[in-house]
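Peer 1: quick one, fold the following:
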Amino acid sequence: MHKVFGATLLAATLALGGCNSDDNDDSKEDERRAEVPNIEAATGGAGQAALAADLQFAMDSVGYSEQEFILSGTAVSYLPKGGQSLGTDGQWDVEKNDSAAYVTRAVVYQPLDAEAFNGTVIVEWMNVTSGSDSSPVWTYTHNELIREGYALISLSAQAAGVASTKTMDPERYANLLHPGDNYSYDIFSQAGQAVRDHADVLLNGLQPKRVLAAGESQSAYRLVSYANAVHPLVTVYDGYLLQSRLANAAPLATADDVSGSTEIRSDLGVPVLMFQSETDVNEVTRQADTSTYRLWEVAGTAHFDVYGGGIGLIDTGDEEGAVLALEALLDPPSTVFGFINCDKPINAGPMSFVLSAAVHALNEWVTTGTPPASAEILQATDFTLYSPGYARDAQGNALGGIRTPFVDVPLAALSGTGNTGGEGFCLLFGTTEPLRAGELDTLYPTQQAFVTAWTTATEAAVDRGHIRPVDGQALIDAAARVQILP
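Peer 2: Presented below is the predicted three-dimensional model:
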């Protein structure tokens, strides 16, 4: 059991690049390698990783281990080459600027059984929106990662996360040092390079075949800049999972070196899967699907939700998480983590289930070269920041986008917008408005009518690749267990 640092749970929030297969010049390949940091096991203090939110069950109970390492070295910052402007098309040309020493930490989750490892390592740029480190990709998708045998590394890439970590356990993290977020991009590169060059240490000897990168919200915002600026310079990552990104990209070195909305560069050469909740949809992410770009906009989802705020921390993959997800549609909470009080019940939508499918789709794409099918986009009526508008059905659920039983066989009206309170954080949490008893009676005259409709919609989402088969079965089983009618 890990300690939960309640005051920092607000953000329970993969930039992936890869080698250019058409370049066999070893000298050029060496030029594009990132530096490799020094690595040592973290020890002392409380004896465990300090995180804003960690899963609340022992990793060995699900066949996994958790170990923390200290990474140290010298990182560089980047500037636009020749003082040129960085365009909105993402075709950035940058050069190394100055350098500085750093000491950070990485938390590694991996299978205890080496034969269970599927060869893919995900490096997650930890989110620091709350001022502390959290790993939302791990929280939302750990069931998929564990059952399929991924390794995931949660990296403290930014200064805020390092500073907060030091205060959580001053003894364990006394030596941590971060020179500033200008150097975060190279720190992220070096962590990925360490996976490739020192798997004997970081992964206890597991041999990685693919190294992916992931980030949510503020982390995705920074990974857009990483992909556009740094990926062409180093051969570290094999694909990107960007979740809930803003239209803008993060600065490299100064506040004004990046301005305006920024696409992912079209010549990146590795797969990018862009996952957007209703809260996050914007025009710039709607760049056309290509052989290396896919956009998933998911109906009924919010930037943060009931799963991320509680269910996900206790979900061991035994189908109880699916039951709790359905129950939350009928009786959603408005208080998150016991201290964030929203004015309305927060979103209880399907993000965790579809995000797990997105991880699988990206890994299959990188592994086999076959991209997922293009998905329908949401029927947006405007793109107001964090509060876009949508055409909605009679029950209040958004039209278009990736469909799941949560919106096609509704128990509630789900939205990624419309909440307030919580000192502004509830703006990101969306809403859940349970359907009234009369509406449920009209839609589902009997419990079996609901189960039948839910099963059909779930199987359709599984067939489209938007819900994993094991999760689909869990959701179908949950529908039979959760009584929806009084």
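Peer 1: what's the neighbour count on A437?
Peer 2: 11 (other CB atoms under 10 Å). C-beta coordinates here come from the backbone N, C-alpha and C atoms, glycine included.
Peer 1: ah, wrong one, I meant A391
Peer 2: 11.
Peer 1: now the strands for the stretch 251-400 of the chain?
Peer 2: Secondary structure of the stretch 251-400 of the chain (DSSP state E, counting those that start in this stretch): strands located at 272-276, 293-297, 335-336, 340-341, 380-382, 389-390.
Peer 1: for the stretch 1-150 of the chain, same thing?
Peer 2: Along the stretch 1-150 of the chain, counting by DSSP E, counting those that start in this stretch, strands occupy 38-41, 64-80, 94-111, 120-125.
Peer 1: got the domain ranges for the protein?
Peer 2: 6-250, 271-486 (automatic domain parsing).
Peer 1: now mean neighbour count, distance to T417 and mean pLDDT too, for the strands of the stretch 1-150 of the chain, in a markdown table please.
Peer 2: Output for the strands of the stretch 1-150 of the chain, formatted as a markdown table (neighbours: other CB atoms under 10 Å; distance: least, CB to CB, whole Å; pLDDT from 0 to 100):
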| stretch | mean neighbour count | distance to T417 | mean pLDDT |
| --- | --- | --- | --- |
| strand 38-41 | 12 | 43 | 97 |
| strand 64-80 | 19 | 35 | 97 |
| strand 94-111 | 20 | 33 | 97 |
| strand 120-125 | 28 | 26 | 98 |
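Peer 1: export those to CSV and tack on distance to P271?
Peer 2: Converted to CSV, those look like this (distance: least, CB to CB, whole Å):
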stretch, distance to P271
strand 38-41, 28
strand 64-80, 23
strand 94-111, 22
strand 120-125, 13
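Peer 1: for R265, find the nearest of the domains of the chain.
Peer 2: Closest approach to R265 among those (CB to CB): domain 6-250, 3.5 Å.
Peer 1: quick one: that closest one to chain centroid distance?
Peer 2: Centroid separation between domain 6-250 and its chain, computed with CA atoms, centre = their mean, to the nearest Å, is 12 Å.
Peer 1: which regions of this protein sit below the pLDDT cut-off?
Peer 2: 1-31 (pLDDT under 70).
Peer 1: ok so, going back, ok, and which of the strands of the stretch 251-400 of the chain has the densest surroundings?
Peer 2: strand 272-276 (a mean of 27; mean count of other CB atoms under 10 Å).
Peer 1: for it, packing partners?
Peer 2: For strand 272-276, the elements it packs on are strand 240-243, strand 293-297, helix 351-368, judged by 3 or more CB pairs under 8 Å, 6 or more residues apart in numbering; DSSP states H and E.
Peer 1: save the ones you listed as TSV, and put in distance to R105 too.
Peer 2: Formatted as TSV, the helices and strands packed on strand 272-276 follow (distance: least, CB to CB, whole Å):
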stretch	distance to R105
strand 240-243	22
strand 293-297	31
helix 351-368	23
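Peer 1: quick revisit: may I see the strands of the stretch 251-400 of the chain organised as a markdown table, with distance to F188 added?
Peer 2: Shown next, in a markdown table, are the strands of the stretch 251-400 of the chain (distance: least, CB to CB, whole Å):
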| stretch | distance to F188 |
| --- | --- |
| strand 272-276 | 16 |
| strand 293-297 | 21 |
| strand 335-336 | 29 |
| strand 340-341 | 29 |
| strand 380-382 | 31 |
| strand 389-390 | 34 |
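Peer 1: which among those is found nearest to V236?
Peer 2: Of the strands of the stretch 251-400 of the chain, nearest to V236 by CB to CB is strand 272-276, at 14.8 Å.
Peer 1: quick one: the closest one to strand 293-297, angle?
Peer 2: 10 degrees (axes from the mean of the first three to the mean of the last three CA atoms, to 10 degrees).
Peer 1: what are the contacting residues of strand 272-276?
Peer 2: Contacts with strand 272-276, where a contact means CB atoms under 8 Å, 6 or more residues apart in numbering, come from 16, 227, 239-245, 264, 282, 285, 292-298, 354-355, 358, 361-362, 365, 372.
Peer 1: for stretch 66-76, same thing?
Peer 2: So stretch 66-76 is contacted by 35-42, 48-49, 59, 96-109, 175-177, 179, 183, 186-187, 190-191, 194, 201-202, 204 (CB under 8 Å, 6+ apart).
Peer 1: same question, stretch 83-95
Peer 2: In contact with stretch 83-95 (CB under 8 Å, 6+ apart) are residues 78-81, 224, 227-230, 233, 249, 252, 257-267, 284.
Peer 1: now with 7 Å, please.
Peer 2: 78-81, 228-229, 252, 257-258, 260-265 (CB atoms under 7 Å, 6 or more residues apart in numbering).
Peer 1: report the contact partners of the closest residue to G192 other than its chain neighbours.
Peer 2: For G192, ignoring the flanking residues on the chain, the nearest one in space by CB to CB, 6 or more residues apart in numbering is V236 at 3.8 Å. By CB under 7 Å, 6+ apart, V236 lies in contact with G17, A34, S189, G192, Q193, V211.
Peer 1: where does V236 fall, secondary structure wise?
Peer 2: Counting by DSSP states H and E, no helix or strand carries V236.
Peer 1: residues in contact with T167?
Peer 2: So T167 contacts nothing (CB under 7 Å, 6+ apart).
Peer 1: could you do the one 5 residues further on as well?
Peer 2: By CB under 7 Å, 6+ apart, the contact set of R172 is A42, G44, G45, A46.
Peer 1: let's see if you can find the most crowded of those.
Peer 2: For those, the largest number of neighbours (other CB under 10 Å) sits with A42, at 21 neighbours.
Peer 1: and that residue, how far is that from I402?
Peer 2: Taking CB to CB, to the nearest Å as the measure, A42 falls 39 Å from I402.
Peer 1: and for A361?
Peer 2: A361 is 11 Å from I402, by CB to CB.
Peer 1: cool, L324 as well?
Peer 2: Applying CB to CB to L324 and I402 gives a distance of 22 Å.
Peer 1: neighbour count: these two, which is higher?
Peer 2: I402 (27 against 19).
Peer 1: got the contact list for the nearest residue to that one once chain neighbours are set aside?
Peer 2: Excluding its sequence neighbours, the residue lying closest to I402 (CB to CB, 6+ apart) is V298, at 4.6 Å. Contacts here follow CB under 7 Å, 6+ apart; on that basis V298 touches S277, P350, M351, V354, G401, I402.
Peer 1: surely the second one and T301 touch.
Peer 2: Yes - using CB atoms under 7 Å, P350 makes contact with T301 at a distance of 6.5 Å.
Peer 1: and these two? which has more neighbours close in?
Peer 2: Between P350 and T301, counted using other CB under 10 Å, T301 has the larger neighbour count: 35 against 28.
Peer 1: tell me which stretches of the chain form helices.
Peer 2: Secondary structure of the chain (DSSP state H): helices located at 26-31, 136-148, 159-168, 184-197, 199-202, 218-225, 312-314, 320-330, 351-368, 405-408, 437-443, 447-463, 469-481.
Peer 1: in TSV: those helices, plus distance to G73.
Peer 2: As requested, the helices of the chain are exported to TSV (distance: least, CB to CB, whole Å):
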stretch	distance to G73
helix 26-31	18
helix 136-148	24
helix 159-168	14
helix 184-197	6
helix 199-202	14
helix 218-225	19
helix 312-314	33
helix 320-330	39
helix 351-368	27
helix 405-408	45
helix 437-443	58
helix 447-463	44
helix 469-481	39
